[in-house]
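Asks: Fold the following and give me the result.
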Amino acid sequence: MEGFLITARTLHFTAAIALTGVFAFECFVAGPAFRPSSATPATIARLRRQFVWLASVSLVLAIGSGIAWLGVVAGRMSGRPFGIAFFQQVVPVVLTRTRFGEDWLLRLGLAGILGCCLLALQRPWLARGAMSWAALVFAAAMLASLAWAGHGAATPGAPGDLHLAADILHLLAAGLWLGTLPPLELLLAEARRAHEADWALVARTAIRRYSGLAVASVTVLLAAGVVNTWFLAGTVSALVGTEYGRLLLAKIGLFIAMLMVAAVNLLRLTPRRGDPASGNRNPFWRTVARLQRNARIEAGLGFGVLAIVGALGTLPPGLHSEPGWPFPFRFEIGTLTAGSQILLAILAAAVAVCGIAAVVGAPAGRCRRMAAPAAGLVLCLGFGWMLLRPAIERAYPTSFYAPAKPYDAASVARGAAAYAANCAICHGATGHGDGPAVVTLPVRPADLTAPHIFTHTQGDQFWWVSHGTEDGVMPGFAGVMSVNARWDVINFIRARAAAVLAREIGPQVTTSTALQVPDFVFEQRDKQRTLDAVLAHGPVLLVLFAPPVPVARLVELAAARQRLAAIGLDVLAVDITPSADSRAESEAPPFLVEVSTDVTSTLALYGPPEDRGETELLLDRARNVRARWTRGGRGGLPDANTLAADAERVAGLAIAPQSHVGHAH
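Replies: Below is the predicted model:
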């Protein structure tokens with residue numbers, strides 16, 4: 001069924017692109033080329049009949065493949081075989097209650113209008129030019145509607161509008177370039193068959209106009225392709241580590257091959273058309289023959305691209321799949337100095353310029369002019385490699401995995417229990433590498449509260465927890481803990497390390513740390529909310545206390561509530577050692593929230609007893625601790641003026657976007 005769906009999609013895209021291409025060629029290339037020519041009207045009519053025949057076959061193919069595509073989708077949605085889905089009440093449901101069905105009906109209606117246009121084009125008494133332009137509009141609309149059947153229509157919000165627009169432009173540009181190759185080949189074949197001066201003029205004009213159309217189309221294709229790639233596989237790991245990304249790279253490779261052939265046509269063959277009146281063996285007709293051959297090659301490569309497009313639509317995008325990193329190393333650019341990073345960016349730009357110059361020079365046959373950009377390319381790559389060597393880090397197949405469990409208090413609490421059962425014997429109850437089994441180990445276990453925890457990706461840590469370390473000291477726990485349990489342990493380790501390191505943050509707002517507090521659910525005034533939901537509106541002052549309840553402090557904050565709310569600061573107070581008595585007396589003070597035991601055990605990591613019962617954390621919108629005060633610390637707790645100034649500064653900090661990589665465990 002999967003292969004049948006890919007075939008149906010490939011043929012449908014091919015037919016829709018060919019339909020647009022035929023009418024675009026007639027309107028932009030063939031029509032203007034025929035007008036000033038004295039070529040035989042009968043020959044021109046025969047060629048135009050071939051165009052109509054090509055469009056008719058494409059239309060039939062579009063309808064047939066569309067029906068097959070609909071049948072597969074209906075079968076998948078109903079869980080029934082292809083034939084049964086067609087003859088039961090599944091297809092009407094798909095057509096009337098899904099976006100795919102509505103889009104399919106739109107294309108069917110446009111296909112019917114195009115059929116009428118094709119019938120009209122066979123009537124010589126009708127205005128062919130106007131009918132061709134009308135057919136082009138409907139064919140382009142039919143092609144553009146395919147964007148709603150792809151990933152571009154699934155991206156939400158304003159970014160989704162940009163993605164959808166790029167998808168539409170990408171499809172239309174493909175129709176204007178790839179779709180015009182078959183009629184170009186037919187025109188060049190007819191010109192060579194006639195071998196007349198009038199047809200030579202037609203071919204010359206058609207080649208010139210087609211070149212301009214192709215250059216414009218390729219420019220749009222490149223720009224829209226970059227946008228689509230960014231949305232669907234915008235990281236190196238997604239490109240090389242997922243099936244979607246690897247297919248996309250294959251598509252890009254075929255596209256580059258098409259560009260090379262097109263560049264040969266534009267830069268090498270077109271300038272050598274010669275004088276058609278110089279005899280049968282003149283350069284002009286040899287050039288036309290080569291252009292015709294290259295058009296076939298481009299069309300073949302283009303069909304390969306469309307076959308890949310047919311497969312890509314059946315896969316989740318690279319950014320929504322777990323990337324299996326195929327290399328034993330990766331580059332950690334963040335470890336380089338700012339100067340090295342700037343120099344690398346300059347070298348990358350130089351590599352792009354030299355590469356483009358070399359690619360342009362090769363098809364044009366300017367081998368001597370290629371020497372300088374080729375030498376520059378080699379030098380830039382060599383120097384760039386020297387700069388990148390310090391950034392090389394060991395990598396594993398899971399290095400770029402995103403956690404399958406959210407970083408929240410529930411996960412941290414589960415991870416704490418799993419850690420105590422499986423890890424504390426070596427790493428110790430507090431994570432300092434001082435467990436009871438240390439005396440039997442050849443190497444002391446790592447301190448899991450040290451800063452190095454955050455220099456490793458969570459994917460690296462998942463590999464070590466699953467498969468053990470390379471020295472063999474730490475065993476793997478894949479056979480002991482489930483996938484989710486391993487991610488819970490990693491969340492706990494990172495939360496505890498963040499809590500320990502956060503103790504070094506003082507009352508001054510810091511912009512250099514990124515120590516996250518886990519998300520949690522709380523209840524306030526009989527309504528449940530999450531920390532993330534509150535942070536969506538601005539920073540939060542998280543007050544962590546042990547009994548007695550700091551009533552005076554909460555009242556002081558309540559007095560400044562209007563001022564704090566004006567800058568978007570909210571206050572949440574949590575009892576990290578709740579008791580029945582404290583809950584009873586804590587109903588009156590403002591900002592006090594009720595939480596589960598999972599939340600109290602997690603937040604207790606951030607508010608140890610030595611803080612004389614109260615710790616206040618100023619969190620940015622990403623839950624990072626930006627400032628920390630304790631009742632027993634130097635200067636004590638901040639007054640309203642200090643808190644308002646610090647909160648305003650934190651509210652203005654840029655927040656890195658959350659990763660939108662999906663999970664496939």
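Asks: which stretches of the stretch 351-500 of the chain form strands?
Replies: Using DSSP state E, counting those that start in this stretch, the strands found in the stretch 351-500 of the chain span residues 392-394.
Asks: so where's the stretch 1-150 of the chain shaky on pLDDT?
Replies: Low-confidence segments of the stretch 1-150 of the chain (pLDDT under 70): 37-39, 79-88, 124-127.
Asks: does Leu618 count as helix, strand or coil?
Replies: strand (DSSP: H, G, I helix; E, B strand; the rest coil).
Asks: Wait, it touches Pro539, no?
Replies: Yes. Between Leu618 and Pro539 there is a contact under CB atoms under 8 Å: 6.3 Å. The way it works is simple: take the backbone N, C-alpha and C, and place the C-beta from them, glycine included.
Asks: Give the residues shared as contacts by those two.
Replies: The contact sets of Leu618 and Pro539 overlap at Arg626, Ala647, Val650 (CB atoms under 8 Å, 6 or more residues apart in numbering).
Asks: From the residues you listed, which land in strands?
Replies: Residues from the shared contacts of Leu618 and Pro539 lying in strands, with DSSP state E as the criterion: Arg626.
Asks: can you list the shared contacts of Leu618 and Pro539 in TSV and add pLDDT and distance to Ala257?
Replies: Below are those laid out as TSV (pLDDT from 0 to 100; distance: CB to CB, whole Å):
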residue	pLDDT	distance to Ala257
Arg626	95	51
Ala647	93	56
Val650	93	51
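Asks: now the shared contacts of Leu618 and Pro539 as JSON lines including distance to Gln524 and neighbour count?
Replies: Converted to JSON lines, the shared contacts of Leu618 and Pro539 look like this (distance: CB to CB, whole Å; neighbours: other CB atoms under 10 Å):
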{"residue": "Arg626", "distance to Gln524": "23", "neighbour count": "23"}
{"residue": "Ala647", "distance to Gln524": "20", "neighbour count": "26"}
{"residue": "Val650", "distance to Gln524": "22", "neighbour count": "25"}
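Asks: Number of residues surrounding Pro436?
Replies: By other CB atoms under 10 Å, the residues close to Pro436 number 11.
Asks: Same check on Phe329?
Replies: 12.
Asks: give me every residue that touches it.
Replies: Contacts of Phe329 by CB under 8 Å, 6+ apart are Ile392, Glu393, Arg394, Ala395.
Asks: redo that, cut-off 6 Å
Replies: Residues near Phe329 by CB atoms under 6 Å, 6 or more residues apart in numbering: Ile392, Ala395.
Asks: for Leu515, same thing?
Replies: So Leu515 contacts Ala498, Leu501, Ala502, Val625 (CB under 6 Å, 6+ apart).
Asks: pretty sure the third one is touching Ala627, no?
Replies: Put plainly, it is Ala502. No. Using CB atoms under 6 Å, Ala502 is not in contact with Ala627, being 10.2 Å away.
Asks: So these two - more neighbours on which side?
Replies: Neighbours were counted for Ala502 and for Ala627 using other CB under 10 Å; Ala627 has more, 24 against 19.
Asks: Which pLDDT value goes with the more buried one?
Replies: As predicted, Ala627 sits at a pLDDT of 94.
Asks: Report the separation between it and Ala55.
Replies: Ala627 is 68 Å from Ala55, where distance means CB to CB, to the nearest Å.
Asks: out of the contacts of Leu515, which are buried?
Replies: Ala498, Leu501, Ala502, Val625 (16 or more other CB atoms under 10 Å).
Asks: Mind putting those residues into JSON lines with distance to Pro283?
Replies: As requested, the buried ones among the contacts of Leu515 are exported to JSON lines (distance: CB to CB, whole Å):
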{"residue": "Ala498", "distance to Pro283": "72"}
{"residue": "Leu501", "distance to Pro283": "74"}
{"residue": "Ala502", "distance to Pro283": "76"}
{"residue": "Val625", "distance to Pro283": "74"}
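Asks: Among those, which one lies nearest to Tyr244?
Replies: Set against Tyr244, the nearest of the buried ones among the contacts of Leu515 by CB to CB is Ala498 (33.1 Å).
Asks: Nearest spatial neighbour of that closest one, chain-adjacent residues omitted?
Replies: Among residues not flanking Ala498 along the chain, Leu515 sits closest, at 4.1 Å (CB to CB, 6 or more residues apart in numbering).
Asks: gap between stretch 405-415 and the chain center?
Replies: 27 Å (CA atoms, centre = their mean, to the nearest Å).
Asks: these two touch, right, Lys251 and Ile308?
Replies: Yes. Contact criterion CB under 6 Å: Lys251 and Ile308 qualify, at 4.4 Å.
Asks: Low-confidence regions, the protein specifically.
Replies: Residues of the chain meeting the criterion pLDDT under 70: 37-39, 79-88, 124-127, 269-282, 358-370, 578-588, 608-612, 656-665.
Asks: can you do 50?
Replies: Under the criterion pLDDT under 50, the flagged ranges of the chain are 125, 278-280, 580-586, 659-665.
Asks: tell me the domain ranges of it?
Replies: Structurally, the chain divides into domains by automatic domain parsing as follows: 2-320, 336-394, 409-502, 521-651.
Asks: Going by neighbour count, list what's buried in the helix or strand hosting Val57.
Replies: Using DSSP states H and E, Val57 sits within helix 41-78. Residues of helix 41-78 classed as buried under the neighbour-count rule (16+ other CB under 10 Å) are 43-44, 47-48, 50-52, 54-56, 58-59, 61-63, 65-66, 68-78.
Asks: cool, and stretch 427-439?
Replies: His427, Gly428, Gly431, Gly433, Gly435.
Asks: What is the most widely separated pair among those residues?
Replies: Across those, no pair lies farther apart than Gly431 and Gly435, at 9.3 Å, counting by CB to CB.
Asks: Shouldn't Val574 be within a helix?
Replies: No. Read with three-state DSSP, Val574 is strand and lies in no helix.
Asks: got a list of what it touches?
Replies: The contact partners of Val574, taken as CB under 6 Å, 6+ apart, are Leu544, Val595, Leu603.
Asks: nearest to Pro451, of those residues?
Replies: Leu603 (21.6 Å).
Asks: which residues does that closest one contact?
Replies: Leu603 touches Leu544, Val574, Ile576, counting by CB under 6 Å, 6+ apart.
Asks: how about the strands in the stretch 201-350 of the chain?
Replies: 329-331.
Asks: and stretch 421-437, how far apart are its ends?
Replies: One end of stretch 421-437 to the other measures 13 Å (CA to CA, to the nearest Å).
Asks: list the contacts for the closest residue to Val220 other than its chain neighbours?
Replies: Closest residue to Val220 apart from its sequence neighbours, by CB to CB, 6+ apart: Ala173 at 4.0 Å. Listed by CB under 6 Å, 6+ apart, the contact partners of Ala173 are Ser217, Val220, Leu221.
Asks: same thing but at 8 Å, please
Replies: Counting by CB under 8 Å, 6+ apart, Ala173 has contacts Ser217, Val218, Val220, Leu221, Ala224.
Asks: Could you dump the residues you listed into CSV and include distance to Leu535 and neighbour count?
Replies: Formatted as CSV, these follow (distance: CB to CB, whole Å; neighbours: other CB under 10 Å):
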residue, distance to Leu535, neighbour count
Ser217, 46, 21
Val218, 45, 20
Val220, 40, 17
Leu221, 41, 23
Ala224, 35, 22
